[in-house]
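> compute the structure for the input listed below.
(chains A and B)
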Amino acid sequence: MNVKVVTRILEANDRIALENRKLFDSAGVFVINLMSGPGAGKTSLLEKTLAGNTTLKIGVIEGDIAGTDDAERVQKFGAPVVQINTGGACHLDANMIREVLADLPLDDIDMLFIENVGNLVCPAEFQVGEDMKVMILSIAEGHDKPLKCSEQDGPCPLHRRGCRQDTERRTFPQSPAQDFRGILQDRPGHCGMERLAQGKGEEELT
Amino acid sequence: MHEVSIALNLLDIVSEACGKSGGSVVESINLRIGRASGIMTDALLFAFDAVKAGSVAEKAHLYIQEVPLSGHCRECGDDFEVAEEYVLSCPRCGGGSFEITAGREMDIIDMEVA
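Just a heads-up that it's a prediction; the model follows:
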């Protein structure tokens, strides 16, 4: 007997993501799924955000293959944080998020950052119930990263980190900032770039 | 890279659909996978073989129809299709402003149950 299915394979994941989203919405939590390659600066961005002058009550879910280093870094700022260890999986999925939601005081949080596993490929495919995906690129990864990881080129604000020390180790055909602009300017899905760099490279990167 | 997760999602969906249809085993499943979906079909076949053991789809065979990557150029208006699993610029005019119109599919079409 032939049975028509006609559904996205990730529909099972998306369904749980939608349930998560309803929970977030009813608790009034704005959720950001923070993605980047390993070492681009996701946790550093969280640290700066938590140290900044904000009245928002921020919670964090840390996704890593192993270890609690990132959760410990974030916890120093007093933010409620849950560490997920994927035990080898290269991304967070909706079910992993659902399983830890009971450990977060959602009613006391305005904004939840979900720091995904450092990986520029797989996390892009899996909705977790977020309001927004944010991707960070570091200059050291190479100026052409947006071209190489086209999975990530959906509508998502792009944050770019860099420092002179990193750029000096690589040869760019033109300045990294020009290259990024050149690559992204015609891609309407990308709504913005923001400089997070500190130090000597700043002028070049603005 | 995440084909095991994809295979598990696939198994959940076909198991549920099989139950609803009144069937007891899934014999085959037809999938449509885009070249730019990030899925390696060999890896998906391997992963599905690993996760289907002991399920209603234990003996199910996956048939995968690959969809080429195609797009529409906003600069020259050309509709193009490429053999690769990525596209960096319009193959006709070299422009960088284009939209992907097909090739990112990751769909289950239908299945045979008994």
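> direction included, what does the helix or strand encompassing B:Ser28 pair against?
If you go by DSSP states H and E, B:Ser28 is part of strand B:26-34. If you go by DSSP bridges, strand B:26-34 pairs up with strand B:61-67 (parallel), strand B:106-113 (antiparallel).
> which ones are touching residue 68?
Reading this off chain A. By CB atoms under 8 Å, 6 or more residues apart in numbering or on different chains, the residues touching A:Thr68 are A:62, A:83, A:85. For every residue, glycine as well, the C-beta is placed using N, CA and C.
> the intended chain is chain B.
B:35, B:81-83, B:102-103.
> can you pick out the most distant pair from those?
B:Ala83 and B:Ala102 (13.7 Å; CB to CB).
> who has more neighbours, those two?
B:Ala102 (15 against 8; other CB atoms under 10 Å in any protein chain shown).
> beta-bridge partners for that one, please?
Those that pair with B:Ala102 in a beta bridge, by DSSP bridges, are B:Ser70.
> wait, isn't it in contact with B:Gly34?
Yes: counting by CB atoms under 8 Å, B:Ala102 does reach B:Gly34; the two are 6.7 Å apart.
> between those two, what contacts are shared?
Joint contacts of B:Ala102 and B:Gly34 (CB under 8 Å, 6+ apart) are B:67, B:69.
> now do the buried residues in the strand holding B:Ser28.
For strand B:26-34, the neighbour count (16 or more other CB atoms under 10 Å in any protein chain shown) marks B:26, B:29-34 as buried.
> which stretches in chain B count as helices?
Per DSSP state H, chain B carries helices over the ranges B:3-21, B:41-51.
> again but with chain A, I slipped
A:11-27, A:42-51, A:69-75, A:94-100, A:145-148, A:164-168, A:176-184, A:202-205.
> A:Pro105 and A:Val81 touch, don't they?
No: taking contacts as CB under 8 Å, A:Pro105 lies outside contact range of A:Val81: 11.2 Å.
> so which of the two has more stuff around it?
A:Val81 (25 against 10).
> which residues are in contact with that one?
With CB under 8 Å, 6+ apart, A:Val81 has these contacts: A:59-62, A:71, A:74-75.
> tell me the residues of chain B that contact chain A?
Applying CB under 8 Å from any CB of the partner chain, one finds that chain B approaches chain A through B:1-2, B:5-6, B:9-10, B:12-14, B:17-18, B:21, B:23, B:29, B:31, B:36, B:38, B:86-88, B:95-97, B:106-114.
> still on that earlier bit, any residues in contact with both of A:Pro105 and A:Val81?
If you check A:Pro105 and A:Val81 against CB under 8 Å, 6+ apart, the residues they both contact are A:Gly59.
> not counting its neighbours along the chain, what's nearest residue 103?
Picking chain A for this. A:Val82 (4.9 Å; CB to CB, 6 or more residues apart in numbering or on different chains).
> chain B was what I was after
Closest to B:Gly103 by CB to CB, 6+ apart is B:Leu69, at 3.3 Å.
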